[in-house]
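Novice: The following comprises the amino acid sequence and a computationally predicted model.
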Amino acid sequence: MFKIVGVVGAGTMGQSIAEMLAVKGLDVHLVEKTPEKLQQAKELLEQGLDRQLERWAITAAEKKLTLNRIHMTTSLEQLADCDLVIETISEDLDSKKEIFKQLDSIVPSHTVLASNTSTLSLTELAGICRFPERVIGMHFVYPAIRIDVVEIILGLQTSDDTFNKTKAFIDDILDKKGVMVYESPGFVTTRLICLLINEALHLLEEGVASPEDIDSAMSMGYRFEHGPLEMADRFGLDSVLAALERMFREYGELKYRPSFLLKKKVRAGQLGIKSGVGFFKYDKDGERFL
């Protein structure tokens with residue numbers, strides 16, 4: 001079973017996955033390109049844990065233990081002893097291919113190589129590896145520590161052994177529900193939620209209802225924690241746009257064509273929580289101004 005896990009990419013999702021793994025008692029090696037980005041990730045992790053501490057959700061000892069289990073580095077070579085490596089960098093196929101090519105030459109043959117991609121081809125990523133059968137998708141939904149489902153995506157050459165080990169890890173160690181998905185752009189969660197968000201944007205463009213009322217109708221009517229527009233803000237409007245554009249290219253169906261309003265928001269730098277403003281406004285802790 002996996003005991004030492006590498007996480008490549010210390011952005012929002014990488015931090016969330018690293019924290020979740022550390023809370024579960026695993027040693028985590030978190031990799032980022034530069035010391036500056038690692039320092040930023042460390043500060044954000046500490047701030048997030050401090051907010052939990054203020055709410056009495058964790059103790060000071062638990063905060064310290066979680067941080068002590070996360071080892072930060074700029075070197076992929078530090079992942080040589082990992083049983084599992086999860087890649088969480090931005091959705092760029094060439095960049096991911098380069099990471100997988102390097103990892104394939106560093107880690108031993110038994111190490112499972114997973115990608116947190118939401119739209120890209122696992123088969124294509126595996127194609128550059130010596131052992132393509134060990135490549136799999138592990139798509140966590142943000143925030144990973146709170147969401148209890150993980151999509152397990154099978155590439156064309158993913159072996160039964162790789163799937164079984166990954167499924168057991170997710171179910172037994174992470175205590176989450178592993179859902180098996182065959183490779184398809186957007187998989188299940190991204191494909192469905194992006195369509196909901198895109199249709200909400202069309203409603204807004206058409207003047208059918210205000211952002212507040214669109215979200216209230218869906219969150220109260222269907223018991224969503226957040227309405228589709230706030231979901232988009234929390235995912236990052238740039239990430240939603242990228243996912244829709246890739247699915248539009250892959251499927252060629254008009255339903256995936258991104259709303260022009262979404263494009264305008266991204267061009268204006270209004271990306272949601274990460275920029276402090278999207279369809280709604282947020283404070284530095286990611287809480288929405290009402």
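Specialist: Nice, thanks for sending it over. Numbers count the residues shown, from 1 in each chain.

Novice: what about the helices in the stretch 151-290 of the chain?
Specialist: 160-168, 189-205, 211-222, 228-235, 237-251, 260-267 (DSSP state H, counting those that start in this stretch).

Novice: So for the first one, mean pLDDT?
Specialist: Across helix 160-168, pLDDT averages out at 97.

Novice: Contacts for that helix next, please.
Specialist: Here helix 160-168 makes contact (Cβ atoms under 8 Å, 6 or more residues apart in numbering) with 1-2, 84, 112, 114, 133-136, 138, 152, 154, 178, 180. Heads up, the C-betas are built off the backbone N, CA and C, glycines and all.

Novice: and if we set it to 10 Å?
Specialist: When contacts are defined by Cβ atoms under 10 Å, 6 or more residues apart in numbering, helix 160-168 is touched by residues 1-2, 83-84, 110, 112-114, 131-138, 150, 152-155, 158-159, 178-180.

Novice: Show me what the lowest-mean-pLDDT helix or strand in the chain is packed against.
Specialist: Every helix and strand in the chain was compared by mean pLDDT, DSSP states H and E; the lowest is helix 35-54, with a mean of 92. Using 3 or more Cβ pairs under 10 Å, 6 or more residues apart in numbering; DSSP states H and E, the elements in contact with helix 35-54 are helix 12-23, strand 27-31, helix 60-68, strand 70-73.

Novice: Give the buried residues for the shortest one.
Specialist: Okay, so that is strand 70-73. Ile70, Met72, Thr73 (16 or more other Cβ atoms under 10 Å).

Novice: rewinding a little: filter the contacts of helix 160-168 down to the buried ones and hand me the PyMOL line.
Specialist: The PyMOL command for the buried members of the contacts of helix 160-168 (criterion: 16+ other Cβ under 10 Å) is given here:
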select buried, resi 2+83+84+112+113+114+131+132+133+134+135+136+137+138+150+152+153+154+155+158+159+178+179
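
Novice: Which ones among the contacts of helix 160-168 map onto strands?
Specialist: 84, 112-114, 135-138, 150, 152-154, 178-180 (DSSP state E).

Novice: Tell me the one among those residues nearest to Arg223.
Specialist: For those, the closest approach to Arg223 (Cβ to Cβ) belongs to Val179, at 20.2 Å.

Novice: was I right about the closest one contacting Ile170?
Specialist: Yes - if you go by Cβ atoms under 10 Å, Val179 and Ile170 touch, sitting 9.2 Å apart.

Novice: what residues do the two have in common as contacts?
Specialist: By Cβ under 10 Å, 6+ apart, the residues touching both Val179 and Ile170 are Val149, Val150, Glu151, Ile152.

Novice: ok, these vs Glu230, which is closest?
Specialist: Looking across these and measuring by Cβ to Cβ, the closest to Glu230 is Val149, at 19.7 Å.

Novice: That closest one - nearest residue in space that isn't next to it in sequence?
Specialist: In this structure, Val149 finds its nearest non-sequential neighbour in Lys177, 4.9 Å apart by Cβ to Cβ, 6 or more residues apart in numbering.

Novice: same thing with Pro143?
Specialist: In space, Pro143 is closest to Ser16, 5.0 Å off (Cβ to Cβ, 6+ apart).

Novice: what's the burial count for the one you found?
Specialist: 22 (other Cβ atoms under 10 Å).

Novice: Let me see the contact set for it.
Specialist: Residues near Ser16 by Cβ under 10 Å, 6+ apart: Val7, Leu45, Gly48, Thr88, Phe140, Val141, Tyr142, Pro143, Ala144, Ile145, Arg146, Ile147.

Novice: now Glu151
Specialist: Contacts of Glu151 (Cβ under 10 Å, 6+ apart): 116, 118, 137-141, 170, 177-181, 187-190.

Novice: Quickly list what it is bridged to.
Specialist: Assessed by DSSP bridges, Glu151 has beta-bridge partners His139, Val179.

Novice: Let me know the pLDDT of it.
Specialist: Glu151 is given a pLDDT of 97.

Novice: Asp285 too?
Specialist: 76.

Novice: ditto for Asp92
Specialist: pLDDT, read off for Asp92, is 89.

Novice: now the one 10 residues further on
Specialist: Confidence at Gln102, expressed as pLDDT, is 96.

Novice: which SSE is it in?
Specialist: helix 93-106 (DSSP states H and E).

Novice: Export that helix to CSV, keeping only CA atoms.
Specialist: Taking Å, rounded to 0.1, in the frame of the first residue of the first chain, the C-alpha atoms of helix 93-106 are listed here in CSV:
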residue,chain,number,x,y,z
LEU,A,93,-0.6,18.6,-22.3
ASP,A,94,3.0,19.3,-23.3
SER,A,95,3.9,20.4,-19.7
LYS,A,96,2.4,17.3,-18.3
LYS,A,97,4.1,15.0,-20.8
GLU,A,98,7.5,16.5,-19.8
ILE,A,99,6.7,15.9,-16.1
PHE,A,100,5.7,12.3,-16.8
LYS,A,101,8.8,11.7,-19.0
GLN,A,102,11.0,12.8,-16.1
LEU,A,103,9.1,10.9,-13.5
ASP,A,104,9.2,7.7,-15.6
SER,A,105,13.0,7.8,-15.5
ILE,A,106,13.3,8.7,-11.7
